[in-house]
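Student: Sequence plus the predicted model coming up.
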Amino acid sequence: MIKFYNIKKLRYLIRDYWPTFITIIALFIIVILLFFSYKTYRDSKEEADILGEEVTLLKNRSDTLKYNKSLTEDQITVYNKVLTSLIPESEDYFSIIYALETISQKTGFNIVSYTINLSNTSREKLSLNIEGKGNLDAFKNFLSSYEFMGGRLVTSERIEFSGANFTNTRVGLNFYAKKFSFNEAVVPQLSKDDIDKLESIKQKIQISFTDSAPSTDGTYDTKSNPF
Amino acid sequence: MKKRINLLSKKKHFSKLSDYAQKIKKFGTILGTFFFILFFVVVIQTVLYKNKVSDLTKKKQLYLSLLVDQKDIEANTRFFKGKLTQLNKFALDDAHFLPYYSVLLNAINSSSQSAMLDMIDISKTRSTTFVVKFNDYNGMVAFLKYVESPNFLQNFDDLSMASLNLSRELEGNSRGNSNLSRNYQLQFQGTFKQLNDKIL
């Protein structure tokens, strides 16, 4: 009886207040719709922002490459070989010996001995103490050209000599090797100074860039009888 | 049992409910309209952003295809710039000895005939120690005068004389006579001014 009374009461309530119920339901639906549409809007905005940044980066890369076209692919390949020779990806001891020999021969400053300075040597830098002999002109030649002449980047943090006859000249020389890693998102812009600098270094060193030994033809006559 | 309808006892409750229903309808309509306008704006914005995303995706594909064609040039350019940066960084270790040495040598040669650069030490911070040797007193005095002149001091941030040594040596000649020769050594310490800004 109570249940029937309640159902009846509800029926009257719905009949009398249906516009109110519809308003509440409509409001509820529109809030849900607004919530989901805002979520979609936020996702789209986020996606557009990320894509916008990516496109800007890609556009910059593309524009930079267009600008860098003033430098031909062959030129930049040669410059990269020069740079790799100056600072190899991993240490190459033969090239250090070759560089010292070249500097010694071309400047006339005779490098008579060299020892590794372990205390000043790091993963990227090999430090050598060299001892050399030569006259004033040879020493000046050495000082003016040791940096690039040997085909390796050579720096000297400290130079010390005693005696006017240059018989006891000790120079600390550093050789460098470092692996290059691609860690920048932006393509770097090459300036005229960069290119001029490399061109001037290239003039100072003489390296032959033979790519590789000529490949031998793999085909040859085979004999069925080895004897 | 007789069924009765009591209109008076529930009247207050009924009118309250009716008031609430009216208020809900009124505010619900206002709020609903506001939310609907907001929903409409959000939907339009979403459509605009979707169009933008599709536009940007096309652009991205275009640039990517362009970059794929030029990937070798790009890699070479990056390598070039990266190695050049390494070169510039490592080149800072260099003392750039020659210009400082030349300045000192010219100064010594022009100041006194007997002056001789006996020892020199220059580091990459441009701090220097050098010893100048003389075999006569007048030559040493002439050099000291020159050292104090602005012409010489313009090459240094700071310069001071660290020591003065006098040594006597007995020198024999072909006739069997011996002469007493004097050697003066002046040791200086200081810091050179930056002479060359460029690495190369």
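Tutor: In hand now; what should we look at?
Student: packing partners for the helix or strand encompassing B:Gly190?
Tutor: With the criterion set as DSSP states H and E, the secondary-structure element containing B:Gly190 is strand B:178-192. Packing partners of strand B:178-192 (3 or more CB pairs under 8 Å, 6 or more residues apart in numbering or on different chains; DSSP states H and E): strand B:127-134, helix B:137-147, strand B:156-172. All C-beta atoms are positioned from the backbone trio N, CA, C, and that covers glycine.
Student: The shortest one relative to strand B:156-172, how many degrees between them?
Tutor: To tie it back to what came earlier, the one meant is strand B:127-134. When axes from the mean of the first three to the mean of the last three CA atoms, to 10 degrees is applied, the directions of strand B:127-134 and strand B:156-172 differ by 30 degrees.
Student: Count the residues that sit near residue 107.
Tutor: Here I'm looking at chain A. Using other CB atoms under 10 Å in any protein chain shown, A:Thr107 has 23 other residues around it.
Student: That was the other one, I meant chain B.
Tutor: Other residues within reach of B:Ala107, judged by other CB under 10 Å, total 19.
Student: ok so it is a helix residue?
Tutor: Yes. Following the definition DSSP: H, G, I helix; E, B strand; the rest coil, B:Ala107 is counted among the residues of a helix.
Student: which residue packs closest to it, ignoring adjacent ones?
Tutor: B:Phe152 (5.3 Å; CB to CB, 6 or more residues apart in numbering or on different chains).
Student: what sits against the spatially most central residue of chain B?
Tutor: Nearest to the geometric centre of chain B sits B:Lys89, at 10.5 Å (CA atoms, centre = their mean). When the contact criterion is CB atoms under 8 Å, 6 or more residues apart in numbering or on different chains, B:Lys89 has no partners at all.
Student: hmm, which helix or strand of chain B has the shakiest average pLDDT?
Tutor: The element with the least model confidence among the helices and strands of chain B, by mean pLDDT, DSSP states H and E, is strand B:156-172, at a mean of 79.
Student: which parts of that strand are buried?
Tutor: B:Phe156, B:Leu159 (16 or more other CB atoms under 10 Å in any protein chain shown).
Student: In terms of pLDDT, where does the residue nearest to the centre of chain B sit?
Tutor: B:Lys89 carries a pLDDT value of 90.
Student: chain center to the strand or helix carrying it, what's the gap?
Tutor: B:Lys89 is part of helix B:71-91 when elements are defined by DSSP H and E. Mean C-alpha position of helix B:71-91 versus that of the full chain (CA atoms, centre = their mean, to the nearest Å) differs by 18 Å.
Student: For it, C-alpha coordinates in CSV please.
Tutor: Presented in CSV, the C-alpha positions along helix B:71-91 are these (Å, rounded to 0.1, in the frame of the first residue of the first chain):
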residue,chain,number,x,y,z
LYS,B,71,70.2,14.1,-45.0
ASP,B,72,73.8,13.6,-46.1
ILE,B,73,74.3,17.4,-46.4
GLU,B,74,72.7,17.9,-43.0
ALA,B,75,74.8,15.3,-41.4
ASN,B,76,77.9,16.8,-42.9
THR,B,77,77.0,20.3,-41.8
ARG,B,78,76.3,19.1,-38.3
PHE,B,79,79.6,17.2,-38.2
PHE,B,80,81.5,20.2,-39.6
LYS,B,81,80.0,22.6,-37.0
GLY,B,82,80.5,20.1,-34.2
LYS,B,83,84.1,19.5,-35.0
LEU,B,84,84.8,23.2,-35.5
THR,B,85,83.3,23.8,-32.1
GLN,B,86,85.7,21.2,-30.7
LEU,B,87,88.6,22.8,-32.5
ASN,B,88,87.8,26.2,-31.1
LYS,B,89,87.4,24.9,-27.6
PHE,B,90,90.7,22.9,-27.7
ALA,B,91,92.6,25.8,-29.4
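Student: Need the single longest helix in chain B, by residues.
Tutor: When every helix of chain B is counted residue by residue (DSSP state H), the longest turns out to be helix B:11-69.
Student: give me the low-pLDDT residue ranges for chain A?
Tutor: A:1-5, A:69-70, A:162-168, A:183-187, A:206-227 (pLDDT under 70).
Student: longest helix of it?
Tutor: Looking across chain A with DSSP H, the single longest helix is helix A:2-67.
Student: Show me what that one packs onto, helices and strands only.
Tutor: Looks like helix A:2-67 contacts helix B:11-69, helix B:71-91 (3+ CB pairs under 8 Å, 6+ apart).
Student: related to what we said a few turns ago, what are the buried residues along the helix or strand containing the residue nearest to B:Ala107?
Tutor: Mapping B:Phe152 onto the secondary structure by DSSP H and E places it in helix B:150-153. For helix B:150-153, a neighbour-count test (16+ other CB under 10 Å) marks B:Phe152 as buried.
Student: Return it as PDB; C-alpha atoms alone will do.
Tutor: Once side chains and other backbone atoms are set aside, the C-alpha atoms of helix B:150-153 remain, and they are given as PDB (Å, rounded to 0.1, in the frame of the first residue of the first chain):
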ATOM      1  CA  PRO B 150     106.000  53.000 -21.300                       C
ATOM      2  CA  ASN B 151     107.200  51.600 -24.600                       C
ATOM      3  CA  PHE B 152     108.100  48.300 -23.000                       C
ATOM      4  CA  LEU B 153     105.500  48.300 -20.200                       C
END
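Student: Name the residues that touch that helix?
Tutor: Contacting residues not belonging to helix B:150-153 are listed as B:Ala107, B:Ser111, B:Tyr146, B:Val147, B:Leu159 [CB under 8 Å, 6+ apart].
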